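Participant: Have a look at this fold, sequence not included:
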């Protein structure tokens, strides 16, 4: 049995109606807001397109674990922000008044003021890249994460590749500015931002960093691998 409940992608057809605050998958797929239209598409019962599925493999207290993800897996800043927000009393209140996304802004600012960057080695296709003062490394299957941040503008969920965005060796004020630019993907090419593309990446940090899959924080760890599964998810939307 695969983690996350799907045992056989080839026998699974997937449809959904968005109702959260992030909705990054529906944004990337350019789905309509009309829920009746979405229901009609799903009830049609046919596969409309396909999506790659990512897998995070990581060490947690000496045990090897894995989790599937559809949108992204992040080590560092993004995962630490999710950890803060998920345990914050502010999130339920902001959700009630329709400002759920603001919780992540507060979380991001909190992490910027308190977190310590590490040194991360990124390995793929026989090459190794060393990033000192690495704030984040985001492996993305879709181009949006975190409620509309376009960290990997060229990510395509059906191209057989993961896109990796690394933010490193910049001050926190500069990093915050890069975050604002990433809303429209305008951080690409800026100092401190490096983009990679491959079927898989392995990353080793000099200290434990938070890691998440689709916003669900798994643990703090030093070693992770992200990769695409050979089978694709069949989408009814």
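Facilitator: Here it is on my side, so go on. Small disclaimer: the values here were computed from a predicted structure and weren't measured.
Participant: which intervals of this structure have sub-threshold pLDDT?
Facilitator: 1-3, 86-114 (pLDDT under 70).
Participant: What segments of it are helices?
Facilitator: For the chain, applying DSSP state H gives helices covering 24-28, 35-43, 77-86, 90-96, 100-114, 172-182.
Participant: So for this protein, the centremost residue is which one?
Facilitator: Closest to where the C-alpha atoms of the chain average out (C-alpha atoms, centre = their mean) is residue 72, at 2.4 Å.
Participant: list the contacts for that residue?
Facilitator: Residues in contact with residue 72 (C-beta atoms under 8 Å, 6 or more residues apart in numbering) are 54, 78, 138-142, 145, 151, 213-214. C-beta: built from backbone N, CA, C; applies to glycine.
Participant: Columns distance to residue 48 and neighbour count on top of those residues, output as CSV?
Facilitator: Formatted as CSV, those follow (distance: C-beta to C-beta, whole Å; neighbours: other C-beta atoms under 10 Å):
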residue, distance to residue 48, neighbour count
54, 21, 25
78, 30, 30
138, 27, 26
139, 25, 31
140, 22, 29
141, 18, 28
142, 16, 25
145, 23, 28
151, 26, 29
213, 25, 25
214, 21, 22
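Participant: so which of those would you say is closest to residue 61?
Facilitator: residue 213 (17.5 Å; C-beta to C-beta).
Participant: which ones are touching the closest one?
Facilitator: Contact partners of residue 213, counting by C-beta under 8 Å, 6+ apart, are 54, 56, 67-69, 72-73.
Participant: again, but for residue 219
Facilitator: Residues near residue 219 by C-beta under 8 Å, 6+ apart: 58, 60-61, 210-211.
Participant: Also residue 47?
Facilitator: Applying C-beta under 8 Å, 6+ apart, we find residue 47 in contact with 13, 234-236.
Participant: for residue 154, same thing?
Facilitator: 143, 163, 195, 197.
Participant: Equivalent analysis for residue 157, please.
Facilitator: 28-29, 51-52, 70, 141-142.
Participant: Where neighbours are concerned, which of the residues you listed has the most?
Facilitator: residue 141 (28 neighbours; other C-beta atoms under 10 Å).
Participant: Against residue 37, how distant is that one?
Facilitator: Between residue 141 and residue 37 the computed distance is 25 Å (C-beta to C-beta, to the nearest Å).
Participant: re the thing from before, switch the contacts of residue 213 over to TSV; also include distance to residue 6.
Facilitator: Formatted as TSV, the contacts of residue 213 follow (distance: C-beta to C-beta, whole Å):
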residue	distance to residue 6
54	13
56	15
67	12
68	7
69	12
72	18
73	16
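Participant: Scan the residues you listed and report the most crowded one.
Facilitator: That'd be residue 73 among these, by other C-beta under 10 Å, with 32 neighbours.
Participant: now the residue nearest to residue 71 when sequence neighbours are not counted: how far from residue 152?
Facilitator: Spatial nearest neighbour of residue 71, excluding adjacent residues (C-beta to C-beta, 6 or more residues apart in numbering): residue 142 at 4.7 Å. For residue 142, the distance to residue 152 equals 8 Å [C-beta to C-beta].
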